[in-house]
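> Dropping a prediction and its sequence here:
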Amino acid sequence: MMAERKVRVLVAKPGLDGHDRGAKIVARALRDAGFEVIYTGLHQTPEQIVATAVQEDVDAVGLSVLSGAHNYLFGRVLDLLKEKGADDIAVFGGGIIPQEDIKELFTPGTSTQDIIRFVRENIRAVA
């Protein structure tokens, strides 16, 4: 019987925002919870994020946006994943999010355990 492989998660910081403490905390928490994590670093374009996601064969992309451009950046990543035939890669994320968008994204102060639980319950490794 083959063991299920670890879920691979890409944590990315799209856009010009230079604050990555939250992204690093989430990346470390996911890693410590047993996920395989790739962190892209700051100032990534949606095109770079999608190229890395496809190249690294990830199961999910976690985006951190503090600039207020979350709707555009998240949407662009989703569109590019679809264009590349990789829309089976789950996308989740958070940052500084206006009240009307909170139901769909994580905000500062969200427990890393809540994020880990979300990934465990919603993202599966594809063999």
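Now that the structure is in, tell me what you want to look at.
> Residues contacting the longest helix seen in the chain, please?
When the chain is parsed with DSSP state H, its longest helix is helix 70-83. The contact list for helix 70-83, computed with Cβ atoms under 8 Å, 6 or more residues apart in numbering, reads 14-15, 46-47, 49-50, 53, 61, 63, 65, 87, 89, 91, 93, 95, 97, 101, 105. No exception for glycine: its C-beta is placed from N, CA and C like everyone else's.
> Mind listing what's buried along that helix?
Across helix 70-83, burial judged by 16 or more other Cβ atoms under 10 Å covers 70, 73-74, 76-78, 80-81.
> where exactly do the helices run in the chain?
So, for the chain - with DSSP H - the helices run 21-32, 46-55, 70-83, 112-122.
> would you turn those into a markdown table with mean pLDDT?
Putting the helices of the chain into a markdown table (pLDDT from 0 to 100) gives the following:
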| stretch | mean pLDDT |
| --- | --- |
| helix 21-32 | 96 |
| helix 46-55 | 98 |
| helix 70-83 | 94 |
| helix 112-122 | 93 |
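> export those to JSON lines and tack on distance to Leu10?
Shown next, in JSON lines, are those (distance: least, Cβ to Cβ, whole Å):
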{"stretch": "helix 21-32", "distance to Leu10": "9"}
{"stretch": "helix 46-55", "distance to Leu10": "5"}
{"stretch": "helix 70-83", "distance to Leu10": "10"}
{"stretch": "helix 112-122", "distance to Leu10": "12"}
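> picking up where we left off before, got the angle for the longest helix of the chain vs helix 46-55?
Helix 70-83 and helix 46-55 meet at an angle of 40 degrees, taking axes from the mean of the first three to the mean of the last three Cα atoms, to 10 degrees as the criterion.
> Once you drop chain neighbours, what's closest to the residue most central in space within the chain?
Nearest residue to the geometric centre of the chain (Cα atoms, centre = their mean): Gly62, 0.7 Å. Excluding the flanking residues, the one nearest Gly62 by Cβ to Cβ, 6 or more residues apart in numbering is Val11, at 4.7 Å.
> Appreciated, that's everything.
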